[in-house]
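*Asks:* Following is a predicted model, sequence given first.
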Amino acid sequence: MRPRWAFGLTFVAAVLVAGGIFYGLVVLLDFEEIDSTAKLDAKTLFDLVKLSFGVVAGAGALVALVVAYRRQRVDEAGAHRDTTRLHTERFSQAVDKLGSDSPAVRLGGVHALAGLADDAPTQDLRQTCIDVLCAYLRLPFSPDPGDLPDPLPDGTSPTEERRDTHQDKKDHYHALREVRHTILRLIGDHYRIRKGTHRSWQGCNLDLTRVTIDGTVNFGGATFSGGTVDFGGARFSDGTVHFSLATFSDGTVNFHGATFSGGTVDFGGAAFSDGTVNFHGATFSDGTVNFSLATFSGGTVSFGGATFSGGTVNFSFARFSGGTVDFRDARFSDGTVHFGGAAFSGGATNFHGATFSGGTVDFGGAAFSGGTVDFATTRGPAPAGLLLAVGAPVPSEVHLRASWLLAGP
């Protein structure tokens, strides 16, 4: 009954409004004295009636448009609430799986969280999913139990039961290791997807501080164009981590205090064109870190205070054409650092306060044609091949220690 009552009231209100408008138009047209003076013909009267109802219809349409807009906003807000509620439910289920004792269930939780990040209705919810995956990588884990010694320290041979127990520990370790490696693989996959498209995580923050990377991880071809990716204090101890052909064009990628003690970390052909990449205080004690054919054309790459005490760091044929590459206070005490064939044509490369006390630092075949390269306040002997590569007279943009020049090549 209520809709009919409301419709009737609306109809009466419309008629009254139309009548009021009609009367107003008559007054406006100076027809107050219709009976005594002015005469309205039928056409004019009909036009006034049409105009009155047209105004009412227009006002009604405007009201209907406002009501429809408000209804649409309410529906959109409701849909957003439903989507967020569903996302929250799925998020809780995925996080529960990550806490399972079963490595297989944990793997399911990892893929569920990655899928939730892809489908998240807001950037904040996407970031939350990524934060949980990164937090899992930062959790402490039991070390590899290795092989069971035979004989044991007490000279006896392990029992079959003890062998089985040890094998179960090894299998569990490798299964959980696979969970960690899967997360890193998914991160690399999503950072290769073009920013702004579905499933791309570019521009999100990655907190990988103090994680241990002990297997093969592929960030090759990834683009770091926004946000902060933090490997501060991370330990690269085995396997191969690919950053080859990666692009660092914005944001911050931090390796501050990271330790490279084994395996290979490959930045070959990477492009550093903007933003900040920070290796300040990093330790290169073993393994291989490769920057061959990398291009430094903008932004800042800092190795300030880094320690090169073992392994191989390779800048062969790298191109330094812009931005700042900083080796301030770095210590070269062992291992091998290659700059052979590198081209310094722009920007600033700074070795202020660096110490060359051991190992091999080789600039053989490097070319200095522009930019600024500063060795003026270094300590220790001249790196191999540097004076020959610089040539004589020394270009104005290359600053060498006076004692090196007196000693000659």
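*Replies:* Yes, it's here.
*Asks:* how about the helices of the stretch 251-400 of the chain, start to end?
*Replies:* Using DSSP state H, counting those that start in this stretch, the helices of the stretch 251-400 of the chain run over 386-390.
*Asks:* what residue ranges in it are flagged as low confidence?
*Replies:* Along the stretch 251-400 of the chain, no part satisfies pLDDT under 70.
*Asks:* Endpoints of stretch 229-238, how far apart?
*Replies:* Start and end residues of stretch 229-238 are separated by 21 Å (C-alpha to C-alpha, to the nearest Å).
*Asks:* Return the distance of that stretch from the chain's centre.
*Replies:* From the chain centre to the centre of stretch 229-238 is a distance of 16 Å (C-alpha atoms, centre = their mean, to the nearest Å).
*Asks:* Mind checking the pLDDT average for it?
*Replies:* Here stretch 229-238 scores 93 as its mean pLDDT.
*Asks:* Give me the contacts around it.
*Replies:* 205-215, 251-263, 265, 287 (C-beta atoms under 8 Å, 6 or more residues apart in numbering). From N, CA and C alone the C-beta is placed, and that goes for glycine too.
*Asks:* got it, and stretch 158-175?
*Replies:* 103-104, 142-146, 148-150, 152.
*Asks:* Output stretch 376-385 in PDB with nothing but the alpha carbons.
*Replies:* Written as PDB, here are the backbone C-alpha positions of stretch 376-385 (Å, rounded to 0.1, in the frame of the first residue of the first chain):
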ATOM      1  CA  ALA A 376      93.600  12.000  -5.000                       C
ATOM      2  CA  THR A 377      93.100  10.900  -1.300                       C
ATOM      3  CA  THR A 378      93.500   7.200  -1.500                       C
ATOM      4  CA  ARG A 379      95.900   5.000   0.500                       C
ATOM      5  CA  GLY A 380      98.200   2.300  -0.800                       C
ATOM      6  CA  PRO A 381      99.800   1.600  -4.200                       C
ATOM      7  CA  ALA A 382      98.200   2.500  -7.500                       C
ATOM      8  CA  PRO A 383      95.900  -0.100  -8.800                       C
ATOM      9  CA  ALA A 384      97.300  -2.200 -11.600                       C
ATOM     10  CA  GLY A 385      97.000  -0.700 -15.100                       C
END
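*Asks:* Could you list the buried residues of that stretch?
*Replies:* Of all the residues in stretch 376-385, those buried under the rule 16 or more other C-beta atoms under 10 Å are 378, 382-385.
*Asks:* What ranges does the stretch 251-400 of the chain have for its strands?
*Replies:* Here the stretch 251-400 of the chain has its strands, by DSSP state E, counting those that start in this stretch, at 252-254, 259-266, 271-272, 276-278, 283-290, 295-302, 307-314, 319-326, 331-338, 343-350, 355-356, 360-362, 367-374, 398-399.
*Asks:* Save these as CSV, and put in mean neighbour count and distance to F219 too.
*Replies:* Shown next, in CSV, are those (neighbours: other C-beta atoms under 10 Å; distance: least, C-beta to C-beta, whole Å):
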stretch, mean neighbour count, distance to F219
strand 252-254, 21, 10
strand 259-266, 21, 9
strand 271-272, 24, 13
strand 276-278, 21, 13
strand 283-290, 21, 13
strand 295-302, 21, 16
strand 307-314, 21, 18
strand 319-326, 22, 21
strand 331-338, 20, 22
strand 343-350, 20, 24
strand 355-356, 20, 31
strand 360-362, 19, 27
strand 367-374, 18, 28
strand 398-399, 18, 34
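*Asks:* Can you lay out those strands as a markdown table showing distance to T122?
*Replies:* A markdown table is the format used below for the strands of the stretch 251-400 of the chain (distance: least, C-beta to C-beta, whole Å):
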| stretch | distance to T122 |
| --- | --- |
| strand 252-254 | 23 |
| strand 259-266 | 34 |
| strand 271-272 | 31 |
| strand 276-278 | 27 |
| strand 283-290 | 38 |
| strand 295-302 | 30 |
| strand 307-314 | 42 |
| strand 319-326 | 34 |
| strand 331-338 | 45 |
| strand 343-350 | 39 |
| strand 355-356 | 50 |
| strand 360-362 | 49 |
| strand 367-374 | 44 |
| strand 398-399 | 51 |
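*Asks:* okay but Q93 is in contact with A112, surely?
*Replies:* Yes: using C-beta atoms under 8 Å, Q93 is in contact with A112, at 7.2 Å.
*Asks:* between these two, who's got more neighbours?
*Replies:* A112 (19 against 14; other C-beta atoms under 10 Å).
*Asks:* May I see the buried residues of the helix or strand encompassing the more buried one?
*Replies:* Here A112 is covered by helix 103-119, with elements defined by DSSP states H and E. Of the residues in helix 103-119, 103, 106-110, 112-114, 116-117 count as buried by neighbour count, 16+ other C-beta under 10 Å.
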